[in-house]
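J.: here's my sequence, what's the structure:
(chains A and B)
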Amino acid sequence: MLLLVLVQHFFVSRLVILHASPDILAIFIAFVSMSIGQRTGTTYGFAAGLISGVLTGTVGMSALIGTVEGFAAGFFHLPEESHATWIKKRRMFYIAATVALASGNFLTALLNNPLSLPLYVRLPELVILGTIMSMILGTLTFHYVLRKLLRD
Amino acid sequence: MLSLFRFIAKHTAYLYFLLYCGISIMLIQLQKKETLDAIRQRGLAVNASVAERISGFTGILTLRQENEHLLLQNARLFSQVVHQQQELRDAKAVQSASTDAPAWARQLKIARIVDRRFSATDNMLIIDAGASQGISRDMTILTPDGLVGRVTDVSQNYARILPVINKDFMVSVVSDSTRTLGILSWQNGDESIAHMEHVPVSSSLKVGEQVTTSDYSTFAIRGIPVGKVVRISKDKLFCNIDIRLAVDFSSLSYVLISPAKPSKEKVGLMGTETGRKGP
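T.: Predicted coordinates for the structure are as follows:
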């Protein structure tokens, strides 16, 4: 997770388009929440946010955003005994990731606005553009990495 | 009590969520406290240090692109410098042409040579001043050094000059000391040497005398320097005289146009008598 935080902070967050950047950490939190459970996902989200916050200087806010992301994605948890098909797992992952990203970005737009942009600009930028960018990255990550983990 | 434990066990995720949210909000509130501030500062220092290393590494990767960009910028700046130097030289040349001109040339117009054709037989110049600037046919073209030629054709913004070093050009000249008269013309060959014709062998003309335009010229006012006598050889009736021209045609870029002309009445009378265009 620490490695992921570093990758997100030093590399992925530099891919900025209109003040929004992809969030690989939220994808990871959503995956954990969806595959392991809401409680674990919330804890992972809190921990990831805390580490990320130490680097950005916004410990509390990052932890809160991570917690919300993990908790929101947890509603789409598929228990192991559910015997869900792989297609259903994939669908649930995409939904969980989208919900986690949208909620996390919504909260970020409300709590963190360093350029003092009006909310009607900041919210669509982060919630729509940020989520779309992250989902593109999430789709690639799922296709090349997470898919194998889900099948196992 | 048991039902409370059951409720808690059933909703642990909510409790975790509330607990973490509470901690997070507390951290937000305590962000400005000394301990948290120290952690924050340490984190930012680590962040800055790593970011600096990464940007240094990516800087190496983009070095080639940056070099190309700098080269391009360098070329652009160089072209600007060259252009500005040219402008400066032009301005100096214009200033020099105006200030060095003799007293009789105070009202001269200045023009730049925009095209030239120099060959062993047919030389001509084009200047960037025409009818719009008040230039007309047969005006005298000169520099502070001396005579350049005469205007032969005029368009709206340009004029064609027949220079001294054209075989069709002739001008009446006079030497400054002995007042010897003659006709200056140029034959094919050296562009700095012209010839003075119709000077009888009895003339007292000496090598080194200055030659200027005379009163007999049909287009030039008198007193414009033309050149200097460098060689005199005597033939049967006339002398063969070489004149080193005052103007260096190889480095000519700006010229002056004299609006002053000899009296039209005088030129008209001479034309009626000879029936041809005079020197």
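J.: which strands and helices lie in contact with the helix or strand harbouring residue B:42?
T.: Assigned by DSSP states H and E, residue B:42 belongs to helix B:34-61. Judged by 3 or more C-beta pairs under 8 Å, 6 or more residues apart in numbering or on different chains; DSSP states H and E, the packing partners of helix B:34-61 are helix A:2-10, helix A:38-56, helix A:59-74. Heads up, the C-betas are built off the backbone N, CA and C, glycines and all.
J.: out of those, which gets the lowest mean score?
T.: Ranked by mean pLDDT, the helices and strands packed on helix B:34-61 bottom out at helix A:2-10, with a mean of 79.
J.: any part of that helix near chain B?
T.: Yes - contact of helix A:2-10 with chain B (C-beta under 8 Å from any C-beta of the partner chain) involves A:6, A:9-10.
J.: quick check: angle from that helix to helix A:59-74?
T.: 110 degrees (axes from the mean of the first three to the mean of the last three C-alpha atoms, to 10 degrees).
J.: now do the buried residues in helix A:2-10.
T.: For helix A:2-10, a neighbour-count test (16 or more other C-beta atoms under 10 Å in any protein chain shown) marks A:4-5, A:8-10 as buried.
J.: mind checking pLDDT for residue B:13?
T.: 82.
J.: ok, it - contacts?
T.: A:37-39, A:42, A:71, A:74 (C-beta atoms under 8 Å, 6 or more residues apart in numbering or on different chains).
J.: where does the closest residue to residue B:215 other than its chain neighbours fall, helix, sheet strand or coil?
T.: Closest residue to residue B:215 apart from its sequence neighbours, by C-beta to C-beta, 6 or more residues apart in numbering or on different chains: residue B:222 at 4.8 Å. Put simply, residue B:222 is coil when judged by DSSP: H, G, I helix; E, B strand; the rest coil.
J.: now for residue B:222: which residues touch it?
T.: With C-beta under 8 Å, 6+ apart, residue B:222 has these contacts: B:174, B:212-215.
J.: ok, it to chain A distance?
T.: Separation of residue B:222 from chain A (C-beta to the nearest C-beta, to the nearest Å) stands at 79 Å.
J.: top of the contacts of residue B:222 by neighbour count?
T.: residue B:213 (25 neighbours; other C-beta atoms under 10 Å in any protein chain shown).
J.: show me what contacts that one?
T.: B:147, B:171-174, B:220-224, B:226.
J.: okay, those in JSON lines with pLDDT next?
T.: Below are those laid out as JSON lines (pLDDT from 0 to 100):
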{"residue": "B:147", "pLDDT": "90"}
{"residue": "B:171", "pLDDT": "90"}
{"residue": "B:172", "pLDDT": "90"}
{"residue": "B:173", "pLDDT": "91"}
{"residue": "B:174", "pLDDT": "90"}
{"residue": "B:220", "pLDDT": "80"}
{"residue": "B:221", "pLDDT": "78"}
{"residue": "B:222", "pLDDT": "79"}
{"residue": "B:223", "pLDDT": "83"}
{"residue": "B:224", "pLDDT": "85"}
{"residue": "B:226", "pLDDT": "91"}
